[in-house]
Each structure stands twice: as structure tokens, then as C-alpha cells.
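Trainee: Attaching a predicted model along with its sequence, questions to come.
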Amino acid sequence: MGGQVQQPSNAPHYDHSMSSYPGLQAGDVSDAAMARWLQSAGLQHLASPTASPSLDPRHFPTLLMQDYARHGLQNFEDRQKLFRLMKSMGGGMEPGVETFSPLNYGSGRRNGVDGLLSSELHGDIAGGILDLHSIDDVELLSEDIGHEPFEVSPFATVTERGFKNESEDLWLTNKVPNNKQRSQTENSSLRSSSFEKEVPAKDSMMNLARIKVVVRKRPLNKKEIARKEEDIVSIDASGNSLTVHEPKLKVDLTAYVEKHDFVFDAVLDEQVSNDEVYHVTVQPIIPTIFQRTKATCFAYGQTGSGKTYTMQPLPLRACNDMLNLMQHPTYRNQGLQLWLSFFEIYGGKLYDLLTDRRKLCMREDGRQQVCIVGLKEFPVSDVEVVKDYIEKGNASRSTGSTGANEESSRSHAILQLVIKKHSNKKEDKGGKLVGKFSFIDLAGSERGADTTDNDRQTRIEGAEINKSLLALKECIRALDHEQGHIPFRGSKLTEVLRDSFVGDSRTVMISCISPNTGSCEHTLNTLRYADRWWLPTSNCLSAKCQTSSLAYL
Ligand SMILES: Nc1ncnc2c1ncn2[C@@H]1O[C@H](COP(=O)(O)OP(=O)(O)OP(=O)(O)O)[C@@H](O)[C@H]1O
């Protein structure tokens with residue numbers, strides 16, 4: 001995979017200043033030159049009028065970004081070639097294969113494809129693709145809140161300057177903060193909450209991408225450094241692309257490095273703090289929870305790649321922001337209450353992590369709403385209490401030792417924060433659901449393949465985990481393709497998550513990766529898993545949709 005694509009000497013030169021899109025305009029390049037250029041990347045069939053009658057090669061660079069899915073570029077290898085070709089158009093692209101020399105790639109920053117991908121294109125990646133069903137099990141807040149709650153807010157102007165600039169912009173533009181922004185967001189997190197005095201405008205809330213994929217790279221750990229392992233993951237200065245430098249051997253045993261490029265909504269390097277992860281991923285979604293949204297944040301990745309490290313602080317911060325937002329005049333007298341529950345899926349069964357691992361039962365009601373019978377919800381009005389719940393729940397998780405992590409999670413842990421609206425009426429026993437945020441620390445992605453796991457129980461666990469991760473991917477893909485049938489029943493995990501994917505939902509996936517040479521294969525698998533969520537569909541052709549569709553190997 002990822003073979004070398006050399007830009008031929010007769011390749012057309014693209015003047016990036018020519019248009020808003022940094023490509024050429026129709027007619028600038030002859031068909032023959034374009035054909036040769038495509039041929040050089042193994043994409044000659046795209047230049048052939050018979051292969052794709054409606055594709056005019058002269059428009060090709062523009063189409064790459066805007067319409068390629070319509071023109072048969074769904075083939076995985078073609079997309080890979082296309083991506084490399086585009087990257088070579090961006091200039092400064094090194095050949096895909098380089099002679100291997102031991103060096104630390106992780107510390108270097110490289111020019112990537114950012115010049116090709118406008119900030120606009122980085123935005124609302126998959127708008128609408130999950131909005132298949134509307135659900136009616138949620139309680140709308142009163143008219144003035146449910147419809148235009150923020151227009152009359154005296155804080156609206158402040159919001160434009162405050163919230164939007166600090167957090168939402170990071171979300172919308174998919175930029176990882178630079179050092180200056182980092183210190184600003186760090187400071188903002190030290191203020192107890194961005195939402196204390198500010199509520200974002202409804203429009204800006206609803207403009208948030210429905211799905212966001214963020215990659216987080218952890219630093220090399222002591223063992224890896226002691227083994228003199230290399231850091232083989234370099235992150236581009238643009239903050240949304242990375243390169244994996246895979247060490248390989250030729251048949252004649254010559255060492256070389258194969259480069260694999262990926263583009264995501266955001267890529268966070270090893271220096272990024274948990275606070276920054278929160279600002280980039282979860283924080284912008286918090287206000288939407290008050291607008292009947294169901295949000296989900298996953299951490300996916302190999303054992304020991306930092307999923308738990310990444311996920312643990314997020315609900316705590318989210319609680320803090322939610323509680324602060326509840327105190328805002330807009331919501332203060334609405335009878336809202338925050339509830340917390342924490343359970344795990346282990347071996348296809350559900351256990352309550354806050355009530356001594358009591359076994360739970362999942363049921364569907366007549367409206368196909370998921371209900372976890374026996375799951376205890378705790379009211380939350382103080383962040384300190386949440387800390388205790390998280391610690392208690394994590395201590396109850398099924399863990400074991402693997403080759404990669406001594407305290408490895410063997411289950412999917414799901415912490416849910418639910419906002420309910422309570423009335424004084426007698427018949428209002430449990431309150432009506434307003435919105436929900438699920439935080440999911442998935443079990444290690446490679447559990448079935450860890451060769452040091454040689455006891456039967458661990459292998460069975462691994463098989464179950466792999467099954468559920470596959471099911472999760474299938475569901476997202478089905479939703480993405482707007483297929484009528486969503487295979488939620490493929491695993492307990494997807495059944496439980498069913499209501500979080502339909503209706504007005506927001507999903508953030510944080511792919512955690514280990515940077516060491518020994519994890520290269522798992523790292524590539526993690527990045528491919530995250531990427532393949534984004535297969536382009538005919539209904540997902542907005543310009544903003546294309547960026548992530550190009551994030552593949
Ligand atoms: N970004 C990071 N910065 C510093 N240390 C980290 C980072 N990410 C992970 N670690 C450390 O790496 C180790 C493994 O992390 P963690 O337990 O979160 O992995 P995991 O992906 O949850 O593993 P598993 O799937 O086996 O549970 C921990 O000791 C953790 O503190």
C-alpha cells in the first residue's frame with residue numbers, strides 16, 4: 001500500500017493563486033497532458049472518456065474535491081492514488097518511498113495538503129448523513145427555548161466573540177490550536193466554564209458537523225524509549241493531516257520507509273493536553289444537548305494507545321459545562337436536572353459499573369427506543385461527585401493484562417449524561433429526556449489479534465470485541481449511505497447506541513494512536529477504521545464532505 005507516486009516532469013503546473021480552488025481552470029491543460037499526468041499515478045482510466053463519460057479531465061482538479069464520488073472514485077486504491085496526486089499538486093511533496101534512516105519523524109512537521117483544502121472544505125464534513133429518522137421521545141423545552149431561545153438573549157453578541165472564537169471555530173474550521181490559541185483555550189478552561197455567561201446562538205450550534213473524526217497521538221512511553229523504538233508518526237502543521245512512516249524491507253533486505261498519508265478533521269499531537277482535546281471535541285456540542293440532541297463521543301484504538309487516558313476527563317468537563325449552562329437565565333427555571341449512569345458491555349452482556357456490576361437487561365419499547373432495565377441513574381449537581389462516580393466506575397471495569405497494556409480494558413465502558421426536564425406534576429415520575437451525551441471508551445481494537453493473549457477466555461473476549469467494533473463500523477457506514485436497513489442488531493454495543501445515531505445526533509470519534517514502530521500495523525488499522533466511515537455517497541457531496549472522504553490510505 002502507498003507506493004511511490006512521482007510527479008512526472010510533464011505534469012501541468014498549477015498556479016494556486018488562479019482561483020479560489022487551488023487548481024487550474026478548464027482548458028488550461030491539454031487533454032493529452034492531463035491523461036499523461038493521470039497515467040503517471042495509475043489513474044489513466046479516469047482520463048478515458050469511456051470509463052467515465054461525464055468526467056472532463058480539464059476539470060479534474062476541481063472535481064477531485066467536489067464531485068469525485070459521482071465519477072466512480074469509490075475504489076479504495078484509486079482514492080489512495082488520487083490523494084497522492086493531489087498532494088503532489090500541493091508542492092513540497094516528498095516521494096512516497098524514502099530510504100530508511102533512523103530518525104524521529106514525530107517531532108518534524110511537514111507541509112501537507114492543507115493548501116489544497118480550503119478551510120471551508122474542512123468544515124461541516126458530513127452534514128445530514130445521520131439525520132435519517134426523527135425521533136419523538138424527547139421533551140422539547142418550552143416554545144421560547146425550543147425554537148428561538150437565543151435570539152433575544154442579551155448574551156448573543158458576547159457569544160459571537162467568546163464561545164465561537166475559542167471553541168466553536170476550532171470545531172468548524174477543524175483547526176488544531178496553535179501555541180497562541182492553546183494558551184488562550186487553556187486560559188478559557190481555567191475560567192470555570194465558557195458557558196457561564198454565554199450561550200451560543202442557535203444557528204451556530206446547528207452548524208456543527210454531525211460527525212467529527214479526530215486523531216490523537218500519544219507520546220512514546222518509557223518502555224518504548226528503552227527499546228529505542230522510533231516515533232514513526234509525523235503530524236502536519238495544518239493540524240489535520242499526518243503521515244505514518246512504515247519501516248519496510250525489500251526482498252534483498254534493503255531497508256526503506258513507506259509513507260502513508262491521512263487527512264482527518266483534526267490531528268492532535270503528543271503535546272496536546274486533555275483540556276485541549278475537550279475544547280476541540282466535546283465542548284462545542286454541549287449547548288446542543290439542551291436542544292434535544294443526542295451526542296456520542298467514542299475513543300477508538302489499539303490497547304495502550306490512550307483511549308482511557310483521553311476519555312476519562314471528558315465527562316467531568318462536560319458535566320461542569322452542562323451544570324453551568326443550566327444556571328444560565330435561559331434554562332434556570334426550566335426544571336432541568338442532570339443525571340449520570342455508567343455501565344459496561346463485556347462479552348455481549350451489560351453491567352452497571354455504579355452498582356457493583358449488577359447485570360442489566362436491554363429492551364426496546366414499542367417505538368424502538370432502547371431502554372436499559374435496571375440501570376441506575378444518579379442526579380448530579382456537583383462536579384466533585386462526578387469525579388467519584390467516574391473513579392468508582394472505572395475501578396469496576398473488566399480489565400486484564402495484555403502484551404501492550406498492563407491495565408487493559410476488556411469492555412466497552414459507556415458513561416451517559418442525560419438532561420431531563422421535570423415538572424411538579426404527580427404523574428411526572430422520571431422526567432422527560434431533553435438531551436443525552438454518551439462517552440464511550442471502547443475496548444482495544446486489536447484484542448483478537450494480540451498474539452501474547454493465548455488463553456481461551458482472552459481470545460473469546462477479543463473475538464467479541466472485534467465483532468462489536470465491526471458492527472459499529474457497519475452501522476455508521478449504513479447510515480452514511482442512507483441505507484434503509486441499519487444493522488443495529490449486529491452487536492450489543494450498536495443496539496445500545498441505536499438512539500444516539502438517529503434523529504438529531506452528533507458524533508465525535510477520537511482515534512487514539514501509539515507512535516512507536518512496533519505499533520505501526522495497529523496504528524495503520526486504526527487510521528483506516530476511522531477513515532472508512534467516510535466512504536462518499538451520492539447524498540454526501542457537499543464540498544465540505546469531500547475532505548474527510550479523502551482521508552484514507
Ligand atoms: N496523551 C498521553 N499523554 C501521556 N500519557 C498517555 C497518553 N495517552 C496514554 N498515556 C499513558 O499510556 C498508558 C496507556 O493508556 P490507556 O490506559 O489510556 O490506554 P487504552 O487505549 O485505554 O488501553 P486499553 O484498551 O488496553 O484499555 C497509560 O499509562 C496512560 O497514562
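Mentor: Now that the structure is in, tell me what you want to look at. Numbers count the residues shown, from 1 in each chain.
Trainee: what number of residues lie near the residue in the stretch 151-300 of the chain positioned nearest to the ligand?
Mentor: Residue nearest to the ligand within the stretch 151-300 of the chain (Cβ to the nearest ligand atom): residue 218, separated by 3.5 Å. Glycine gets a C-beta too; all of them are placed from N, C-alpha and C. Residue 218: 22 surrounding residues under other Cβ atoms under 10 Å.
Trainee: which one is it nearest to, not counting chain neighbours?
Mentor: Setting aside the residues directly before and after it, residue 218 is nearest to residue 306 in space (Cβ to Cβ, 6 or more residues apart in numbering), at 4.1 Å.
Trainee: got the contact list for the one you found?
Mentor: Counting by Cβ atoms under 8 Å, 6 or more residues apart in numbering, residue 306 touches 216, 218, 299, 512, 514.
Trainee: So which of the residues you listed are in strands?
Mentor: Those of the contacts of residue 306 mapping onto strands are 216, 299, 512, per DSSP state E.
Trainee: before we move on, back to that, look up phi and psi at the residue of the stretch 151-300 of the chain closest to the ligand.
Mentor: Dihedral angles of residue 218 (phi, psi; degrees, to the nearest 10) stand at phi -90, psi 160.
Trainee: Pretty sure it sits against residue 308.
Mentor: No. In this structure residue 218 lies outside contact range of residue 308 using Cβ atoms under 8 Å: 11.3 Å.
Trainee: where does the stretch 451-553 of the chain come near the ligand, residue by residue?
Mentor: residue 512 (Cβ under 6 Å from any ligand atom).
Trainee: so where do the strands sit in the stretch 451-553 of the chain?
Mentor: Along the stretch 451-553 of the chain, counting by DSSP state E, counting those that start in this stretch, strands occupy 505-513.
Trainee: Where does the prediction get shaky in it?
Mentor: For the stretch 451-553 of the chain, the stretches flagged by pLDDT under 70 are 451-454, 479-484, 532-553.
Trainee: what angle do the longest helix seen in the chain and strand 505-513 make?
Mentor: The longest helix of the chain (DSSP state H) is helix 456-480. Relative orientation of helix 456-480 versus strand 505-513 (axes from the mean of the first three to the mean of the last three Cα atoms, to 10 degrees): 130 degrees.
Trainee: counting contacts, what elements does helix 456-480 pack onto?
Mentor: Contact here means 3 or more Cβ pairs under 8 Å, 6 or more residues apart in numbering; DSSP states H and E; on that basis helix 456-480 packs against helix 492-501.
Trainee: quick one, the helix it packs on and helix 456-480 angle?
Mentor: Counting by the same axes, to 10 degrees, helix 492-501 lies at 30 degrees to helix 456-480.
Trainee: and helix 492-501, what other elements does it pack with?
Mentor: When contacts are defined as 3+ Cβ pairs under 8 Å, 6+ apart, helix 492-501 sits against strand 294-301, strand 336-346, strand 349-352, strand 358-364, strand 370-373, strand 432-441, helix 456-480.
Trainee: contacting residues around the third one?
Mentor: When contacts are defined by Cβ under 8 Å, 6+ apart, strand 349-352 is touched by residues 341-344, 357-362, 372, 374-376, 396, 411, 492, 496.
Trainee: Alpha carbons only: can I get stretch 499-510 in PDB?
Mentor: Below are the C-alpha coordinates for stretch 499-510, written out as PDB (Å, rounded to 0.1, in the frame of the first residue of the first chain):
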ATOM      1  CA  ASP A 499     -31.000   6.000  19.700                       C
ATOM      2  CA  SER A 500     -27.800   8.000  19.700                       C
ATOM      3  CA  PHE A 501     -27.300   7.600  16.000                       C
ATOM      4  CA  VAL A 502     -30.800   8.500  14.700                       C
ATOM      5  CA  GLY A 503     -32.500  11.800  14.800                       C
ATOM      6  CA  ASP A 504     -30.600  14.900  15.700                       C
ATOM      7  CA  SER A 505     -27.300  13.400  16.600                       C
ATOM      8  CA  ARG A 506     -23.700  14.500  16.900                       C
ATOM      9  CA  THR A 507     -20.800  12.000  16.900                       C
ATOM     10  CA  VAL A 508     -17.200  12.500  17.700                       C
ATOM     11  CA  MET A 509     -14.700   9.800  17.200                       C
ATOM     12  CA  ILE A 510     -11.300  10.100  18.800                       C
END
